[in-house]
Structures are given as C-alpha cells and as structure tokens.
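Student: I would like the atomic coordinates for the input below:
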Amino acid sequence: MSTAPELLRAAKLLQIALGHGVDLRPAAQAAGRQDLLLDVHSPQRSNSKAIKPPAWRIRLVLGNEGSPDATRQDDTVLVLRRTTPSLRQEFRERGVNFIDLGGAVHVRLPWLIIDRTDLPRQPLTKLGPSPVDPFGDRTSRVVRVLLESHLNARHDTRAVPPVWGVRELAATTGVDRTTTSKILRRLAAWQLVQLERQGRSVEARVSNPLRLIDRWSASYDWTANASVAVHAPVGDPNRFLARLPESLGTAIPHRRWALTLQAGASLLAPHASWERLHLYLDVVHPRELAEFAAHVRWPVGEDGNVVLMQPFYRTTIWDDLQHVRNLTVVSTLQLIIDLWQYPLRGREQAEHLLELWPNPTKKDLTRRKPAAH
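Tutor: A predicted model of the protein is given here:
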C-alpha cells in the first residue's frame, strides 16, 4: 500500500518548517500502515565526535484516521487537508500537534517547537468515496441535515433544540442506518455532536455549529473542485448574470449548472464585491469544462474572470438548489462551506449568510428539494 499523498505533502511542509539544518527521512515501517514515520536528524547540533547526533521520530497520521484526542500522545502529528485559524487555535489549546496542508505547522514536543502559518499551500488530492467519511458526497447529507436543523432552531426562539435518532436521520437523508450510525460516532469522537442513549436507540444533536463547519472545511474546501478559468466578456456583472441562463441553455442544453462563492452569495445576501464568477457545471470529466469554454469562445487563462468547476460533491451539490431572478444558486449551506476558506472575504460573506439564516432574501426565491435516491 502506497503512502497517502497528503502525508507526503505534510512531510514536505514539515521539512520546510524545520529548515536546511535538519534532515527528515522516512523510517522503515511495516507495509499497509495508514501513517508515516519520519526520522529527524540534526547533525548541526553536535560538532563533537564524542557526542552522538540527536535523532528523533515523528508519526504523521491523517485527520480522517484519528481524532484530535488520539494524537495528544507520543510524537504524533495530525495531518489536516484544510483547516481554519479558529480550529488551529483550538488544537493548540488542546495540546494537539498538527500540519495543515493550507500552509501551517504546529509541533510542540520536548525537543522541538514549531508554530508557523506562512508555509506554501499544498494542493489537495481528490478523495475516493468512503462510507464512514462524514464529509463525503452522499454521506454529507447527514451533516447537512444536522447543521440545517440546528441553525433553523437557533433562529427560532420558540423551537426546541433538534435531536435526531439514527432511524430518523437515515430516512431523511437516504443514507443507510449502519453508515449513519458510523458517521454519528465519528462526529462524536471529534466532539462535534453529542450522543445520548435512549434505551436501545441513540439520539444526536449538534453541540457547536461553527466547530462543525470548521472541521468540514478541514476535509473539503472550494479548491477540491476540478476547475478551468476562462476569459468571458463579463463587462457589467449584473448584465452578464442576466444573460447567463440563455448562454448556458444554448451551449449546454439540459445540463445542470449553479452559481457559487461570491457571485452566488451576492444574489442572496450582497455583502462583498466580486470580480470572479464561479460556476458549477454538471459534467462527467474535467475536460468537458474546456470543451464548453471553447464552444462559447471563452479563452482559457489562469487569470480568467469566470471559473468553471466540476463539482467535488457530484450528487449533493444539486440538493436544495435556489432560483433567484432566473439564476440557479447552490444551497445556502453549500455556499457557506464553499466560502469558508475562500481568500477574498469568503469567511466574512459566509458569516453574513449565517447571520441571516435561514432566508437571506425572500425576494423571488424558490428552492428545489433533492430527488429521492
């Protein structure tokens, strides 16, 4: 079994953080392990032949393979695909060593202290589906229902805090009971939901929605979507948006599409200005994005003002689509998740959407529920 790409990229970040005076080498280990053992050598710290150069060992473990509590021991470092400043601070306070592929390393051991947030951002590898990944495609419906029901109750002072049983969640989301139960246990291990046993059944409630969104963003952010940037004749953004349904209907008839990030959020709750439009297209392969761009004569370019994206969430991205002024926008929760780590005022816009939850605007807004699966 080969080493996970995320672990190798985490080792690269750690080496950069350590500097040239320290050598980082993979240690011998049994095949099939889900972690990465590294030997750390510091020859510069010993100039005398009588003193053996110090050597230490660090174990890198993927965030999906262990909870933060399980990493507060020995020389273990938790590797996260993406995280946020608030989640990183929480890990520091809980004594958790971590490497964030977004460009941060926090390692505090008896012989080593590193705390940097200025390292190169590492690319994400598209993960295959996992039945016990709470933030997978179909399985994320469990998290979505838990979060949405909690947020709905938070903004209704008369509502009772929602509690969900496994049977009820499975029936609502279409995720089977066994998988739903595993998802809830994993979320509970991460201290993101509270589980209460009622006889032979288990009931779940969200304990802190912001922490849950933070943890979600450590597994997924908007860069996980395959994308192609193109130069489109945007001109006035509002006029371009008004023409978009006709342009897309001519170029890709009967294909689903939806706006996201700042352009999508601007239709629901205008807060931050935007210069780049991000658009999900329902395509089977990323090459179809470039084919579509060629069809409408939008030249491909890294600095393009329109970004075409193949959804990472192939199924759930189309749940709860919203229609505003004849334009299709992803669900408000999907907007929040996409915006959470978007560098251009994304977190600010996401928090604005949370403040206005559940209805950022009541003007010309309709929602389409997902089809049963």
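Student: which intervals of the chain have sub-threshold pLDDT?
Tutor: Counting by pLDDT under 70, the chain shows low-confidence ranges at 1-2, 21, 28-34, 42-55, 64-74, 126-131, 155-161, 359-373.
Student: residue nearest the middle of it, spatially speaking?
Tutor: Taking C-alpha atoms, centre = their mean, the centroid of the chain lies closest to residue 220, which sits 1.9 Å from it.
Student: that residue contacts residue 136, correct?
Tutor: No - in this structure residue 220 lies outside contact range of residue 136 using C-beta atoms under 8 Å: 9.2 Å. C-beta coordinates here come from the backbone N, C-alpha and C atoms, glycine included.
Student: quick one, what contacts the residue nearest to the centre of the chain?
Tutor: By C-beta atoms under 8 Å, 6 or more residues apart in numbering, the contact list for residue 220 reads 81, 82, 135, 312, 337.
Student: so how far is stretch 190-206 off the chain centroid?
Tutor: 24 Å (C-alpha atoms, centre = their mean, to the nearest Å).
Student: ranges for the helices of this protein?
Tutor: 5-18, 85-93, 140-154, 166-173, 177-189, 209-219, 237-251, 261-268, 287-295, 332-339, 346-355 (DSSP state H).
Student: would a markdown table of those with mean neighbour count be doable?
Tutor: Shown next, in a markdown table, are those (neighbours: other C-beta atoms under 10 Å):
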| stretch | mean neighbour count |
| --- | --- |
| helix 5-18 | 19 |
| helix 85-93 | 15 |
| helix 140-154 | 21 |
| helix 166-173 | 18 |
| helix 177-189 | 19 |
| helix 209-219 | 21 |
| helix 237-251 | 14 |
| helix 261-268 | 24 |
| helix 287-295 | 16 |
| helix 332-339 | 26 |
| helix 346-355 | 18 |
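Student: of all those helices, which lies closest to residue 39?
Tutor: Evaluated over the helices of the chain, closeness to residue 39 peaks at helix 5-18, with 11.2 Å, by C-beta to C-beta.
Student: how far does the closest one sit from the chain's center?
Tutor: 20 Å.
Student: contacting residues around that helix?
Tutor: Contacts of helix 5-18 (C-beta under 8 Å, 6+ apart): 22, 24, 26, 35-36, 38, 40, 58, 60, 62, 77, 79, 81, 99, 101, 103, 105, 107, 114, 116, 119-120, 122-125.
Student: can we see that at 7 Å?
Tutor: Residues outside helix 5-18 that contact it (C-beta atoms under 7 Å, 6 or more residues apart in numbering) are 24, 36, 38, 60, 62, 79, 81, 99, 101, 105, 114, 116, 119, 122, 125.
Student: and the furthest pair within these?
Tutor: 114 and 125, at 24.0 Å, using C-beta to C-beta across those.
Student: higher neighbour count, the two?
Tutor: residue 114 (17 against 14; other C-beta atoms under 10 Å).
Student: my guess is that one contacts residue 105, does it?
Tutor: Yes - with contact defined as C-beta atoms under 7 Å, residue 114 and residue 105 form a contacting pair (5.3 Å).
Student: could you list the domains of the protein?
Tutor: Following automatic domain parsing, the chain resolves into domains at 5-116, 140-212, 222-368.
Student: centre of the chain versus the second one, how much separation?
Tutor: Put simply, domain 140-212 sits 19 Å off its chain's centre (C-alpha atoms, centre = their mean).
Student: repeat that for stretch 337-357.
Tutor: Computed by C-alpha atoms, centre = their mean, the chain-centroid distance of stretch 337-357 equals 13 Å.
Student: before we move on, the earlier item: let's see which of the contacts of helix 5-18 end up in strands.
Tutor: 24, 36, 38, 60, 62, 79, 99, 105, 114, 116 (DSSP state E).
Student: quick one: which of those residues is nearest to residue 284?
Tutor: Distances from residue 284 to the ones in strands among the contacts of helix 5-18, taken by C-beta to C-beta, are shortest for residue 62, at 28.5 Å.
Student: what count of nearby residues applies to the closest one?
Tutor: What residue 62 shows, counting by other C-beta under 10 Å, is a neighbour count of 17.
Student: residue 122 versus residue 298, what's the distance?
Tutor: 29 Å (C-beta to C-beta, to the nearest Å).
Student: ditto for residue 76
Tutor: From residue 76 over to residue 122 the distance is 20 Å, taken as C-beta to C-beta.
Student: now rank the ones in strands among the contacts of helix 5-18 by neighbours and give me the top one.
Tutor: Most crowded among these, counting by other C-beta under 10 Å, is residue 99 at 30 neighbours.
Student: need the contact list for that one.
Tutor: 10, 13, 14, 77, 79, 105.
Student: now it, nearest residue through space, not along the chain?
Tutor: Ranked by C-beta to C-beta, 6 or more residues apart in numbering and with sequence neighbours excluded, the top spatial neighbour of residue 99 is residue 10, at 4.2 Å.
Student: also residue 345?
Tutor: residue 272 (4.1 Å).
Student: was I right to think the one you found contacts residue 348?
Tutor: Yes - the criterion here is C-beta under 7 Å, and residue 272 meets it with residue 348 at 6.2 Å.
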